[in-house]
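Enquirer: Predicted coordinates and the sequence they were generated for:
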Amino acid sequence: ELVEAVRREVKSDWKIMEICGGQTHSILKYGIDKILSDKIEFIHGPGCPVCVTPLQKIDCALTIASHPQTIFCSFGDMLRVPGSETNLLELRSRGADVRVVYSPFDAVDIAQKNPRKEVVFFAIGFETTSPVNAGALLQAQRRGLRNFSLLVSQVLVPPAVEFILSSPGCLVDGLLAAGHVCTVMGYEQYESLARDYQLPVVVTGFEPFDLLQAVHLSVRNLEQNRHPVINQYSRAVSRTGNFEAKNAIDKVFRPVDFNWRGIGMIPRSGLDLRPEYSEFDAEKRFDLECFEVESSVSGCISGEILRGEKKPLDCQNFASLCTPENPLGAPMVSNEGACRAYYNYKEQ
């Protein structure tokens with residue numbers, strides 16, 4: 001019924017950006033891009049935290065993990081992300097103590113069990129992971145663990161979206177906002193984006209029905225030249241978000257300018273530890289600086305893909321020189337990356 005409603009109501013050509021990589025995977029996995037009208041094109045946004053972690057941050061992780069008295073803890077999808085010369089998985093094969101964990105609290109427990117080792121957790125992600133990472137730091141502080149620290153690569157979604165919308169030649173007509181981020185932060189920040197850039201924003205989940213309903217709501221408002229913010233994901237999201245989670249973020253982190261891999265420096269689009277928690281900052285503990293100018297990888301167009309300017313199939317190395325086993329860029333590594341989604345679900 002929703003598919004028929006979209007086909008019936010759409011009259012003009014519209015480009016709709018889904019912000020989250022999880023939504024990209026759902027759209028391709030369930031063929032939503034195929035069953036809707038040819039008048040609707042999905043543009044894939046930068047919503048993959050693994051993909052936008054800057055190259056220099058990966059190199060910092062590799063430097064830290066190379067220290068003989070260090071246990072480096074990370075989520076599994078970071079292990080294959082290429083640095084300048086290698087990745088964490090290759091480093092582990094050479095003897096580095098790199099461990100896959102499922103929660104930053106696992107890293108806190110490892111620090112308590114290994115008091116003579118430096119334990120570092122790679123704290124990456126959007127607003128969804130930042131309150132949990134803040135909680136892990138506060139727990140380590142309460143336990144008096146002086147051997148625990150965070151390598152922070154936390155990013156914020158709305159500043160990146162505004163950066164793309166304000167870019168010359170941007171063709172985005174409507175936005176599908178990530179429901180899990182809005183579960184934490186609410187959707188107040190999108191109200192100014194909808195007003196300033198004259199486009200509808202629909203907060204949506206990840207199931208096929210969620211996405212189809214969000215597209216239908218987007219098309220209906222686009223055809224009527226209306227620009228509201230609509231909460232399709234009301235079963236999980238409120239306008240103001242989760243106060244406890246936001247308070248945890250504000251307590252531990254502060255906004256900073258951040259260099260997004262493939263995109264560049266975006267003002268106040270990242271989070272860093274507040275000065276009062278600097279003792280838990282792995283960069284300071286290991287005397288590192290991870291915010292150099294971003295460099296590109298030869299033959300990889302991941303930056304253009306993350307900015308929504310090109311699709312993975314536009315890359316001449318897609319599924320040939322660049323595969324999940326031997327990725328040139330992060331979007332092929334991560335389970336939320338657009339290149340990985342196309343590799344899994346699109347005809348090659």
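Expert: Thanks, I have the structure now.
Enquirer: from the middle of its chain, how far away would the helix of greatest length in the chain be?
Expert: Longest helix of the chain, by residue count under DSSP state H: helix 208-223. Relative to the chain's own centre, helix 208-223 is displaced by 23 Å; criterion: Cα atoms, centre = their mean, to the nearest Å.
Enquirer: now what about it, what contacts it?
Expert: Helix 208-223 has contacts (Cβ atoms under 8 Å, 6 or more residues apart in numbering) with 2-3, 5-6, 9-12, 14, 16, 18, 23, 26-27, 30, 32, 36, 40, 173-174, 176, 179, 199-200, 202, 204-205, 227-228, 230, 232-233. Where you see a C-beta, it was placed from the backbone N, CA and C, and this is true even at glycine.
Enquirer: And stretch 180-189, by the same measure?
Expert: Contact partners of stretch 180-189, identified using Cβ under 8 Å, 6+ apart, comprise 20, 22, 126-128, 130-131, 157-158, 177, 201, 203, 206, 229, 231, 233, 236-242, 245-246.
Enquirer: Which of the contacts of helix 208-223 fall within helices?
Expert: Using DSSP H, the contacts of helix 208-223 in helices are 2-3, 5-6, 9, 23, 26-27, 32, 179.
Enquirer: Which of those ranks first by neighbour count?
Expert: In terms of neighbours by other Cβ atoms under 10 Å, the ones in helices among the contacts of helix 208-223 top out with Gln23 at 29 neighbours.
Enquirer: Keeping just the C-alphas, turn the longest strand along the chain into PDB.
Expert: Determined from DSSP state E, the single longest strand within the chain is strand 264-273. Coordinates of the C-alpha atoms in strand 264-273 are reproduced here as PDB (Å, rounded to 0.1, in the frame of the first residue of the first chain):
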ATOM      1  CA  GLY A 264      37.400  17.400   5.700                       C
ATOM      2  CA  MET A 265      37.300  19.700   8.700                       C
ATOM      3  CA  ILE A 266      33.800  20.600   9.900                       C
ATOM      4  CA  PRO A 267      33.400  23.100  12.700                       C
ATOM      5  CA  ARG A 268      32.100  21.800  16.000                       C
ATOM      6  CA  SER A 269      31.200  18.400  14.500                       C
ATOM      7  CA  GLY A 270      33.200  16.300  16.900                       C
ATOM      8  CA  LEU A 271      33.500  15.600  20.600                       C
ATOM      9  CA  ASP A 272      36.700  15.600  22.800                       C
ATOM     10  CA  LEU A 273      37.200  15.000  26.500                       C
END
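Enquirer: partners of it, with directions?
Expert: Strand 264-273 has the following sheet partners, assigned by DSSP bridges: strand 148-155 (antiparallel), strand 253-260 (antiparallel).
Enquirer: So which bits of the last one are buried?
Expert: In other words, strand 253-260. Of all the residues in strand 253-260, those buried under the rule 16 or more other Cβ atoms under 10 Å are 253, 255-256, 258-260.
Enquirer: and of the residues you listed, the nearest to Ala96?
Expert: The closest of those to Ala96 turns out to be Asn259 (Cβ to Cβ; 25.2 Å).
Enquirer: Quick check: the closest one touching Pro54?
Expert: Yes. When contacts are counted by Cβ atoms under 8 Å, Asn259 is listed as touching Pro54 (4.8 Å).
Enquirer: thinking again about what came up before, show me which of the contacts of stretch 180-189 are buried.
Expert: Buried, going by 16+ other Cβ under 10 Å: 20, 22, 126-128, 130-131, 157-158, 177, 201, 203, 206, 229, 231, 233, 237, 241-242, 245-246, out of the contacts of stretch 180-189.
Enquirer: The spatially closest residue to Pro49 that is not a sequence neighbour bridge partners, please.
Expert: Excluding the flanking residues, the one nearest Pro49 by Cβ to Cβ, 6 or more residues apart in numbering is Gly125, at 4.5 Å. The partner list for Gly125 in beta bridges (DSSP bridges) reads Gln154.
Enquirer: Give me the pLDDT value at Gly125.
Expert: Looking at Gly125, its pLDDT is 93.
Enquirer: so what's the most centrally placed residue in the chain up against?
Expert: Nearest to the mean C-alpha position of the chain, by Cα atoms, centre = their mean, lies Pro49 at 2.5 Å. Pro49 makes contact with 124-126, 129, 153, 155, 334, 336 under the criterion Cβ under 8 Å, 6+ apart.
Enquirer: Report the buried residues of stretch 13-24.
Expert: For stretch 13-24, a neighbour-count test (16+ other Cβ under 10 Å) marks 14-24 as buried.
Enquirer: For it, measure first residue to last.
Expert: For stretch 13-24, the first-to-last residue distance is 20 Å (Cα to Cα, to the nearest Å).
Enquirer: tell me the mean pLDDT over it?
Expert: Rounded mean pLDDT across stretch 13-24 is 95.
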